[in-house]
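> sharing a sequence plus its predicted fold:
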Amino acid sequence: MNTESLWIVGLLIFLALAFDFMNGFHDAANSIATIVSTGVLKPNQAVAFAAVFNLLALLIFHLSVAATVGKGIVNPVVVDLHVLFGALVGAITWNFITWFYGIPSSSSHALIGGLIGATIPKAGLGALVWGGILKTLLFIVLSPLLGFLLGSIILVIVSHIFKHKSPSSTDRLFRGLQIISSGAYSLGHGGNDSQKTIGIIWLILISSGYLTADSASPGYLVILSCYLAIACGTLFGGWRIVKTMGQRLTKLKPVGGFCAETGGAITLFLASALGIPVSTTHTITGAIIGVGSTQHVSGVRWGIAKNIVWAWIFTIPVTAIIASLAYGLSLYLY
């Protein structure tokens, strides 16, 4: 590989880590919105707490999700550096737009939309791995639904167990328990979301010839770098989205925050075990709505929820279009 190509690989890895950082920054709200809105932790404490657990996920999760992103969305044989540039530019652009407007969209689906959009003009629809794509699309519906159901069920169980306890004693207990549930959710967030960038860098190394398509891992340095990048992004936090998730969508007390985070964490642990790149945003939003609607249907601001769902619908197609244009620009420039 010549020096010029080496610089391009380095630039793409930098863009991938920048996306990973922005993923943590953008999705910090997923981990901390409930614990901040209930007043259990102050914002600065919450992001530091979440960042630590994002990083600890390195010790728990296998590379199942990374393998799906690296080899299960598009055929790695047709992927080149132009495709990866287009995918990353598309995902980063959409993340910036949605962060600016405080919309809790999916970084995961932005990345997948970017991969699809940049691959089609290169190799056509035949280069897409439809099994992995359909599994991901299915969980666009299933992850918020599962979060909704688990959050609701856990709240019903908890309400039944503590029905004879005073509100003040229950509140004190769940202020402590919410620390545990928030940590578990941050583990799930780090374990699922950081692996998407690991998968992208894996593709970069395969397409540039540093690794073969049958490689079992992109290397420990890549894995550690991705977990560090998402943890640092979470540490800086995306406060615009925190406000939407933790305050505008519904009002939560510590018991509700605990139930939402626990339901979301279970969903993420399950998805990561199955190697499915789900949206942590979709998952926690569904769990928060499930808790809010179980307490009182009118407790959820459905107009805001509708706007969030529209953002989910548009994420993959819009990101795919941006990525396709960026792919064309890459060909023109190099």
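Structure's in. What do you need?

> Asp214: neighbour count?
8 (other C-beta atoms under 10 Å). Bear in mind the C-beta positions are built from the backbone N, C-alpha and C, glycine included.

> next one: phi and psi at it?
phi -100, psi 20 (degrees, to the nearest 10).

> how near is it to Lys196?
Remark: distance between Asp214 and Lys196 (C-beta to C-beta, to the nearest Å) = 21 Å.

> mind listing the strands for this protein?
Taking DSSP state E, the chain contains no strands at all.

> and the longest helix for it?
If you go by DSSP state H, the chain has its longest helix at helix 167-207.

> that one - contacts with which helices or strands?
With contacts taken as 3 or more C-beta pairs under 8 Å, 6 or more residues apart in numbering; DSSP states H and E, helix 167-207 sits against helix 3-37, helix 43-56, helix 64-71, helix 81-100, helix 107-123, helix 220-236, helix 254-274, helix 280-295.

> and of the ones you listed, who's closest to Gly132?
helix 64-71 (5.6 Å; C-beta to C-beta).

> looking at the protein, which helix or strand is least sure?
Lowest by mean pLDDT, DSSP states H and E among the helices and strands of the chain is helix 239-243, with a mean of 53.

> mind checking pLDDT for Val69?
pLDDT, Val69: 85.

> same question for Ser105.
In this model, Ser105 carries a pLDDT of 75.

> quick one: it and Ala18, what's the gap?
18 Å.

> point out where the stretch 51-200 of the chain drops to low pLDDT.
104 (pLDDT under 70).

> any idea how far Ile8 is from the residue nearest to Val318 when sequence neighbours are not counted?
In this structure, Val318 finds its nearest non-sequential neighbour in Trp94, 6.3 Å apart by C-beta to C-beta, 6 or more residues apart in numbering. Computed with C-beta to C-beta, the distance linking Trp94 and Ile8 is 23 Å.

> and Val255, by the same measure?
Counting by C-beta to C-beta - Val255 and Ile8 are separated by 52 Å.

> which of the two has more neighbours?
A side-by-side neighbour count of Val255 and Ile8, using other C-beta under 10 Å, places Val255 first with 24 against 20.

> residues contacting the more buried one?
155, 158-159, 162, 170-171, 174 (C-beta atoms under 8 Å, 6 or more residues apart in numbering).

> PyMOL command to pick out the buried ones of those?
A single PyMOL command selects the buried members of the contacts of Val255 (16 or more other C-beta atoms under 10 Å):
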select buried, resi 155+158+170+174
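
> picking up where we left off before, which one of the helices and strands packed on helix 167-207 has the most crowded surroundings?
helix 280-295 (a mean of 28; mean count of other C-beta atoms under 10 Å).

> and that one, what does it pack against?
Partner elements for helix 280-295 (3+ C-beta pairs under 8 Å, 6+ apart): helix 3-37, helix 130-161, helix 167-207, helix 254-274, helix 302-333.

> which one of those lies closest to Ala123?
Of these, nearest to Ala123 by C-beta to C-beta is helix 302-333, at 11.1 Å.

> how near is Thr197 to Leu84?
12 Å.

> now the common contact residues for those two.
Contacts common to Thr197 and Leu84, judged by C-beta under 8 Å, 6+ apart, are Ala16.

> count of neighbours near Val77?
12.

> make sure it is actually in contact with Thr212.
No. Assessed by C-beta atoms under 8 Å, Val77 is found out of contact with Thr212, at 11.0 Å.

> my guess is Ala87 meets Ala323, correct?
Yes. Counting by C-beta under 8 Å, Ala87 touches Ala323, with 5.2 Å between them.

> which residues do those two both contact?
In contact with both Ala87 and Ala323: 114-115, 117-118, using C-beta under 8 Å, 6+ apart.

> for Gly257, see how far away Ala51 is.
19 Å.

> ok, now Ile32?
For Ile32, the distance to Gly257 - C-beta to C-beta - is 10 Å.

> shared neighbours, those two?
Ser182.
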